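> Fold the stuff below for me.
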Amino acid sequence: MKKIDFAIIIIILILIQGCTNTFNNGIKIVGEVTNSNQEYVYLAHQPLYRGNLNFDGFKSIGDRIDDKGNFTLISDKVIDEADYWIQVKDRAFHLILFNGDNIKIKFDLKDINNSLFAQGNGAGKINILRLPQFDSNLSYDTTYTMDTYKLCVDSVIESQLLFLNVIFKKDLKNEIVQNAKNKQEIISIIEDSPLSEKEYEFLKKKISIQDIYYLEGFPSYLSQLRTNDSSKVEFSNSYFTCFNPAAYKDFKNISYWQFEDCINNILKMEYLKSIRHENQQLTYGNFGIDDYSKYQNWRFNYAKDNLNPEVFDAYCASELTDGLSMGDLNKTMYEKFIQNCSSKKYINRINSFVDLLNNGLNDTVYNLNTLNSQKLDSLLKSKNGKNVYVIIWSSQFAGASIISELPSIIDFEKENLGQIEIFNLCIDKEKYKNLWAARIIDNSWKGNHNFLPAENNDSIINLFSAQNISGFCDGGATYSFIDKNGNISNNIEAPILMTKEKINQYRENTVR
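Model (predicted):
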């Protein structure tokens with residue numbers, strides 16, 4: 001009887017151990033950081049288009065590093081093959097994650113590139129992608145012809161696939177491993193974080209599609225250099241062999257942004273082929289798309305006929321929300337998508353955001369206040385004697401930074417509760433006021449929110465030095481600090497970069 005009881009206990013312990021190492025639905029990332037000063041860390045999703053809606057319910061998550069250098073990130077919304085990044089202070093690194101990953105990452109905050117190493121279920125792909133052997137240097141160069149550039153791309157693909165295969169087979173004695181400058185690092189990866197079949201297939205695909213990813217753009221690059229070149233483009237040339245309709249359905253998943261961009265490249269190239277077949281002369285001097293509205297309609301139909309249904313749904317949803325997430329709904333594309341999409345996941349997500357655009361301003365749960373310059377001036381004066389941190393953002397370009405960084409903003413407010421008042425101010429064109437409300441509600445961003453139309457409010461924009469607030473490349477956000485005496489410091493650090501020392505300097509108005 002005792003033997004049976006002991007056996008049962010052993011089985012239970014094994015099951016518990018298995019549960020702690022694998023997630024059936026979600027991921028767990030445990031971090032161990034050296035040279036940390038209890039900074040905040042967050043995990044964000046990397047779509048092809050910054051700020052695009054996430055269709056799987058993922059929202060950025062974060063945690064503060066404790067006094068021992070540890071942090072934990074858990075999400076049940078991560079999907080296979082999607083690209084995520086971790087940010088600490090002004091440093092960031094990417095992670096390809098799969099549902100079920102349970103990893104521990106160790107790194108030195110002063111030297112992440114040379115110290116990062118992952119362990120556990122799903123660690124292999126992370127470690128391998130950080131090896132210099134997989135750092136493809138395939139940028140365009142004026143010295144390349146199309147043939148020489150293709151040879152370069154093909155060579156990189158061949159060598160990386162060979163190297164990947166050696167790692168997957170754990171062939172430690174192979175000369176590729178033995179002759180590598182980073183031999184010990186490769187051996188450590190093979191021994192400590194061997195690749196699963198699933199990881200191997202993803203990496204193999206990522207390497208193999210580099211021809212589609214890079215070769216599409218090189219003729220366009222050449223056309224900028226050879227504007228008067230009237231030589232006809234011959235798609236029968238071996239340069240274009242990777243653009244083969246028979247292989248397009250090999251794309252089963254475009255969660256990884258580079259796979260989605262390859263679909264873009266495929267559609268552009270096939271469209272140019274169709275123009276060529278219509279006897280429109282296509283040369284290296286005019287290699288490109290002139291009529292974009294015609295192309296939009298064409299690519300929708302081509303994608304419908306030649307891509308896997310799931311890829312078609314995901315691709316069209318992403319293209320549609322590229323404009324939708326910035327407040328501009330393409331109604332024609334929206335109606336076509338709703339009629340042709342087979343997945344309710346995409347339809348429901350898009351419709352919910354459209355509903356917020358139409359009705360979000362009427363919400364009574366969130367504190368949404370519309371201001372003019374007089375009301376804002378009065379509101380700011382009411383805060384005399386307080387330290388105020390002003391978050392200034394553009395609703396149209398919020399996706400470039402604010403949305404992904406929300407966990408660090410909320411943590412900053414909590415850490416400074418009672419000492420610093422947070423003032424959320426959106427400055428944007430009047431027509432994007434509904435997008436302001438939609439972004440706040442869609443991301444459950446609690447707090448007092450204020451909207452100031454950009455029109456006729458130059459004095460306020462100048463007061464906060466926010467002239468570039470509507471610049472997509474500038475991140476759609478800036479930050480200011482108003483001390484108790486009314487002194488304003490503009491264009492200061494974002495919450496994730498703000499140290500206690502800096503806060504004290506802004507309070508005392510001693511920042512140089």
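> where does the closest residue in space to V233 that isn't next to it in sequence sit relative to D229, distance-wise?
Using CB to CB, 6 or more residues apart in numbering and skipping the chain neighbours, the partner closest in space to V233 is L282 (4.8 Å). From N, CA and C alone the C-beta is placed, and that goes for glycine too. Separation of L282 from D229 (CB to CB, to the nearest Å) stands at 12 Å.
> Mind checking which of the two has more residues around it?
L282 (20 against 15; other CB atoms under 10 Å).
> my guess is the more buried one meets L272, correct?
Yes - with contacts counted by CB atoms under 8 Å, L282 reaches L272, the gap being 6.2 Å.
> F287: what's it in contact with?
219-220, 222-223, 233, 272 (CB atoms under 8 Å, 6 or more residues apart in numbering).
> Show me what the nearest residue to S188 once chain neighbours are set aside bridges to in the sheet.
Residue nearest to S188 in three dimensions, not counting chain neighbours: F117, with 7.6 Å by CB to CB, 6+ apart. Beta-bridge partners for F117, by DSSP bridges, are K106.
> likewise Y84?
Going by DSSP bridges, Y84 forms beta bridges with H45, L95.
> From S318, how far off is it?
Y84 sits 16 Å away from S318, going by CB to CB.
> Also G476?
Look at G476 and S318: by CB to CB, they are 19 Å apart.
> Between the two, which has more neighbouring residues?
Remark: of G476 and S318, G476 carries more neighbours, 27 against 21, as counted by other CB under 10 Å.
> show me where pLDDT drops low in this structure?
1-24, 277-280, 471-474, 512 (pLDDT under 70).
> mind redoing it with 90?
Applying pLDDT under 90 to the chain picks out residues 1-25, 79, 136-137, 141-142, 220, 222-234, 275-293, 398-401, 467-476, 508-512.
> Let me see the ranges of the strands in it.
Using DSSP state E, the strands of the chain run over 27-34, 40-45, 61-64, 70-75, 82-88, 91-97, 102-108, 117-121, 367-370, 388-393, 421-428, 448-453, 477-482, 488-489.
> buried stuff in the first one?
By 16 or more other CB atoms under 10 Å, the buried positions in strand 27-34 come out as 27-33.
> So in this structure, which helix runs the longest?
helix 146-168 (DSSP state H).
> In that helix, which residues are buried?
Within helix 146-168, the residues that count as buried by 16+ other CB under 10 Å are 146, 149-150, 152-153, 156-157, 160, 163-164, 166-168.
> go on, stretch 210-220?
For stretch 210-220, burial by neighbour count (16+ other CB under 10 Å) applies to 210-216, 218-219.
> which residues sit against that stretch?
Defining contact as CB under 8 Å, 6+ apart, one finds that stretch 210-220 is touched by 136, 138, 140, 144, 146, 149-150, 153-154, 156-157, 233, 239-240, 242-243, 258, 261-262, 265-266, 268-269, 284, 287-288.
> How about K232: which residues does it bridge to?
Applying DSSP bridges to K232 gives these bridge partners: T283.
> isn't it right next to G285, touching?
No - K232 sits out of contact with G285 when judged by CB under 8 Å, with a separation of 10.3 Å.
> out of these two, which sits in the busier spot?
G285 (17 against 11).
> With adjacent residues omitted, what lies nearest to the more buried one?
D229 (4.4 Å).
> What are the phi and psi values at that neighbour?
Main-chain torsions, D229, degrees, to the nearest 10: phi -80, psi 110.
> Please name the residues that touch it.
Applying CB under 8 Å, 6+ apart to D229 gives the contacts 222-223, 283-285.
> do you know how far it is from S36?
Relative to S36, D229 is positioned 55 Å away (CB to CB).
> what about the residue nearest to S188, neighbour count?
18.
> and what of E201?
Neighbours of E201 under the rule other CB under 10 Å: 13.
> And for the one 4 residues further on?
Applying the criterion other CB under 10 Å, we find 18 residues in the vicinity of K205.
> Can you get me a residue count around the nearest residue to it once chain neighbours are set aside?
Distances taken as CB to CB, 6+ apart put F259 closest to K205, at 7.5 Å, once the chain neighbours are dropped. The local packing of F259 (other CB under 10 Å) involves 24 other residues.
> Roughly how far does F259 sit from T72?
In terms of CB to CB, F259 sits 29 Å off from T72.
> Could you do Y214 as well?
Separation of Y214 from T72 (CB to CB) stands at 38 Å.
> Is I488 in contact with F464, as I believe?
Yes - here I488 reaches F464: they are 7.3 Å apart, a contact under CB under 8 Å.
> what touches both of those two?
Common neighbours of I488 and F464 (CB under 8 Å, 6+ apart) are S480.
> ok, N113 - contacts?
N113 neighbours (CB under 8 Å, 6+ apart): 93, 130.
> With that, I have no additional questions.
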